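Trainee: What would the 3D arrangement of this be:
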Amino acid sequence: MTPDATTLPMTGWTARLHGQNGHPPRLELDPGGGSPITYNLLPQASSGQLVLGAHHARPSSGPVSTVVTLAYGVTPKSPLTVTFVRYRPWRPAGRHRAQPILLGDRVWLAECTGLFDEVQVSTGDHTVTRLL
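Mentor: Numbering: from 1, shown residues only. The predicted structure is shown next:
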């Protein structure tokens, strides 16, 4: 079993799973100093929640000019691949695969240093793209 809370290494955001006593589980992302972002993780909608969100963020430490791209979603039953994509005019797209962090066997989170245009999440023959 994976933990129900973690601090993300690049952004410093905290991620927690809540939900007990018959309430549906929910994901809470706290950027620290801003309003937390909350998602209800409804069991009947989990197949449609492969990617819940993606954000550009400043890291909690290090150079102020650094940008980190963060993405997260519901963990599928099959293995997943997370790829961050950056488009450039007149050149091929830059692609970077990231190893997702699992939270409570329900949610995946992935970070990548840099300013990316989209995140692609693949599970077998199904791919979901989220624009940033």
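Trainee: Okay, helices next: where are they in the chain?
Mentor: According to DSSP state H, the chain carries no segments that qualify as helices.
Trainee: Run through it and note the low-pLDDT ranges.
Mentor: Within the chain, the ranges that satisfy pLDDT under 70 run 1-2, 20, 43-48, 60-64.
Trainee: That one: strands as residue ranges?
Mentor: Per DSSP state E, the chain carries strands over the ranges 5-7, 14-18, 26-30, 37-40, 53-57, 68-74, 81-88, 91-98, 101-103, 107-113, 118-123, 126-131.
Trainee: deepest of the ones you listed, which one?
Mentor: For these, ranked by mean neighbour count under the definition mean count of other C-beta atoms under 10 Å, the leader is strand 68-74 at a mean of 25. The C-beta positions use only the backbone N, C-alpha and C, and glycine is treated the same way.
Trainee: partner strands of that one, parallel or antiparallel?
Mentor: According to DSSP bridges, the neighbouring strands of strand 68-74, each with its direction, are strand 53-57 (antiparallel), strand 107-113 (antiparallel).
Trainee: can you put these in TSV and add distance to Thr7?
Mentor: Rendered in TSV, the data for the strands paired with strand 68-74 read as follows (distance: least, C-beta to C-beta, whole Å):
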stretch	distance to Thr7
strand 53-57	13
strand 107-113	11
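Trainee: Which of the ones you listed sits closest to Gly33?
Mentor: Proximity of the strands paired with strand 68-74 to Gly33 was assessed by C-beta to C-beta; the nearest stretch is strand 53-57, lying at 11.4 Å.
Trainee: Show me how far that closest one is from its chain's centre.
Mentor: The offset between the C-alpha centroid of strand 53-57 and the centroid of the whole chain comes to 8 Å, using C-alpha atoms, centre = their mean, to the nearest Å.
Trainee: Same check on stretch 77-89?
Mentor: That offset, for stretch 77-89, works out to 11 Å (C-alpha atoms, centre = their mean).
Trainee: Leu103 pairs with what?
Mentor: Under the criterion DSSP bridges, Leu103 forms beta bridges with Val107.
Trainee: For it, give its distance to Cys112.
Mentor: 17 Å (C-beta to C-beta, to the nearest Å).
Trainee: out of the strands paired with strand 68-74, nearest to Pro25?
Mentor: If you check each of the strands paired with strand 68-74 against Pro25 by C-beta to C-beta, strand 107-113 wins as the nearest, at 8.8 Å.
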